[in-house]
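Need coordinates for the below:
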Amino acid sequence: QVQLVESGGGLVQAGGSLRLSCTASARTFSMYNMGWFRQGPGKEREFVAVISWSGGMTYYGDFVKGRFTISRENAKNTVYLQMNNLRPEDTAIYYCAKHGIHSASYFSTDEYDLWGQGTQVTVSS
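This next block holds a predicted model:
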């Protein structure tokens, strides 16, 4: 069974950086678009970023404003989220997810059919 495992979360001060990683257990990883979502305390899960299977297309949530970069290394079955200039409002559990092969949109949780367990990111002021 395919699994997604996130890592790289932690506690950081405002203005700091973190790089999250998500590694898939399947060799078919390179066939799929991959996304990152986050869920803050008392909030709904929201779209952060998505990257196409080839890495040639990326989209970001409006709040990112150039601070985050999504990338992937298909040879390592891994997708990354580099987060810079972190703010306290970025505090959340961050999840990676596999985009459904027949899904047309990228921005809703409904379009993703496999999720990791999440990694906590806490940004102190």
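
residue nearest the centroid of the chain?
Centroid-nearest residue in the chain, with Cα atoms, centre = their mean: residue 36, separated by 2.2 Å.

Settle this for me: that residue is touching residue 58, isn't it.
No - counting by Cβ atoms under 8 Å, residue 36 sits too far from residue 58 to count as a contact (10.7 Å). Where you see a C-beta, it was placed from the backbone N, CA and C, and this is true even at glycine.

returning to what we had before: give the closest residue to the residue nearest to the centre of the chain in space, chain neighbours not counted.
Among residues not flanking residue 36 along the chain, residue 48 sits closest, at 4.2 Å (Cβ to Cβ, 6 or more residues apart in numbering).

Let me know how buried that neighbour is, in neighbour terms.
The burial count assigned to residue 48 is 24, neighbours taken as other Cβ atoms under 10 Å.

Adjacent strands (with direction) for the helix or strand that contains residue 49?
Under DSSP states H and E, the secondary-structure element containing residue 49 is strand 46-51. Strands that pair with strand 46-51, judged by DSSP bridges, come out as strand 34-39 (antiparallel), strand 58-60 (antiparallel).

Next, the buried residues of it.
Along strand 46-51, the positions that meet the burial threshold by neighbour count (16 or more other Cβ atoms under 10 Å) are 47-51.

State the mean pLDDT of that strand.
In this model, strand 46-51 carries a mean pLDDT of 98.

thinking again about what came up before, nearest to residue 109, out of the buried residues of strand 46-51: which one, please.
Checking the buried residues of strand 46-51 against residue 109 by Cβ to Cβ gives residue 47 as the nearest, at 7.9 Å.
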